[in-house]
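[1] sequence and predicted structure below; questions after.
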Amino acid sequence: MRLTQLRQADLNLLVVFAVLAEERHVSRAAERLLLSQPAVSRALQRLREMFHDDLFVRGAAGYELTPQGQRLLGELEVMLPKLDRLLSGRGFDPETEPATFRIAATDSATAILAPILCRDVLPKAPKVRVDFVPWHPTIYEQLVHGSLDLILSASSVEAPPPIQSQSLYDEQFVCAVDAKHPVKRALTMKQYMDAQHISVSLFGGMQVAPDKPLAAMGYKRKIAMHVPYHEAAVRCVEGTRYIATVPRWFAETAAPNPAIRLLKPPVEIAGFRYVMNWHPRVTTDAAHGWLRATMRELGAKLSR
């Protein structure tokens, strides 16, 4: 890590810049900083020398930021609260501090959790942004490298070390079939294994839950088609005898479709547990701790 410029910089000047950018007036900034006006003016001159830019120019209503000043302010709005929190050891305040989190999840988990986040969490955290991204083969590598913050998965998906995991909520399966399917309420294991299936292939070319537990019992489903999304799997069964095995919460919260019915799976097909996965590097980070606590609260709501 090369820190040549940082070692030579006076970081207190960044605080002066941030206050001056808010006030756009030297005397008001000096009052807030408990400094004299000449001291703030000298700090501004040093800032200009440090960044090789005027940063501020005089306007009709006070100082105005140059384009370079605007870019610097945008960076400091994110960086300074993090530095302050790092030095003070205090927690993350989602009402006042900005943060962006990237979460890899299936379309079913996203369809369940994202609406709750939008209704119950993000309105109280106006500077927080959450980006859900789809599953893909390199999500765990991205988690290790820091380009993802969380992965939501079934507990049967084995996360590589040193990834840490925690349970969110329990889920059950339902079987989506065409409305004219001859079975009316529940499938037997023979009916289930004799049928052809639409598989939601997310990891390693298989639908880990339920295929991994089925394999442990000596069963292997007949797959007519692999699709990457649960919604697509449900849509595929209309007008066919195929079965799509999907999470109950997802299926029951989807828009009603009279052409599709939901059946109980065989008793041998147990439910599964959704977990969140993160890298231990961020375990003690206050912002990430807030994110994990928030996800646990959402999971608790679904478990009631």
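    All right, it came through fine. Numbers count the residues shown, from 1 in each chain.
[2] which residue is nearest the centroid of the chain?
    Residue closest to the average C-alpha location in the chain (Cα atoms, centre = their mean): residue 103, at 2.6 Å.
[3] for the stretch 101-250 of the chain, which spans come out with low pLDDT?
    Confidence mapping of the stretch 101-250 of the chain against pLDDT under 70 gives the ranges 203-204.
[4] what about the helices in it?
    Using DSSP state H, counting those that start in this stretch, the helices assigned to the stretch 101-250 of the chain run over residues 107-116, 139-145, 189-194, 208-216, 230-236, 248-253.
[5] just put these in a markdown table and tack on distance to residue 82.
    The way it works is simple: take the backbone N, C-alpha and C, and place the C-beta from them, glycine included. A markdown table is the format used below for the helices of the stretch 101-250 of the chain (distance: least, Cβ to Cβ, whole Å):
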| stretch | distance to residue 82 |
| --- | --- |
| helix 107-116 | 25 |
| helix 139-145 | 19 |
| helix 189-194 | 51 |
| helix 208-216 | 36 |
| helix 230-236 | 36 |
| helix 248-253 | 35 |
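[6] which of the ones you listed sits closest to residue 36?
    In this view, the helices of the stretch 101-250 of the chain are compared for proximity to residue 36 by Cβ to Cβ, and helix 139-145 is the closest at 46.9 Å.
[7] flag every buried residue along the closest one.
    The neighbour-count check on helix 139-145 (16 or more other Cβ atoms under 10 Å) flags 139, 140, 142, 143 as buried.
[8] burial count for the residue nearest to the second one when sequence neighbours are not counted?
    Closest residue to residue 140 apart from its sequence neighbours, by Cβ to Cβ, 6 or more residues apart in numbering: residue 160 at 5.7 Å. Using other Cβ atoms under 10 Å, residue 160 has 10 other residues around it.
[9] could you give the average pLDDT over the helix or strand where residue 45 lies?
    Taking DSSP states H and E as the criterion, residue 45 maps to helix 37-51. This predicted structure assigns helix 37-51 an average pLDDT of 92.
[10] report all helices and strands that the next helix or strand after that helix contacts.
    Along the chain past helix 37-51, the next helix or strand (assigned with DSSP H and E) turns out to be strand 56-59. Counting contacts by 3 or more Cβ pairs under 8 Å, 6 or more residues apart in numbering; DSSP states H and E, the secondary-structure elements packed against strand 56-59 are strand 62-65.
[11] tell me the buried residues in the strand it packs on?
    Of all the residues in strand 62-65, those buried under the rule 16+ other Cβ under 10 Å are 63, 65.
[12] check stretch 141-160 too.
    142-143, 148-157, 159.
[13] how far does it sit from its chain's centre?
    Taking Cα atoms, centre = their mean, to the nearest Å, one finds the center of stretch 141-160 at 11 Å from the center of the full chain.
[14] now do the end-to-end distance for that stretch.
    End-to-end distance of stretch 141-160 (Cα to Cα, to the nearest Å): 10 Å.
[15] same question, stretch 276-296
    Stretch 276-296 end-to-end distance (Cα to Cα) = 9 Å.
[16] now it: buried residues?
    Within stretch 276-296, the residues that qualify as buried are 276-279, 282, 285-288, 290-292, 294-295, counting by 16+ other Cβ under 10 Å.
[17] narrow these to those in strands?
    Filtering the buried residues of stretch 276-296 for membership in strands, criterion DSSP state E, returns 276, 277, 278.
[18] re earlier: might you report the residue contacts of the residue nearest to the centre of the chain?
    Residue 103 makes contact with 130, 131, 132, 133, 148, 149, 150, 151, 152, according to Cβ atoms under 8 Å, 6 or more residues apart in numbering.
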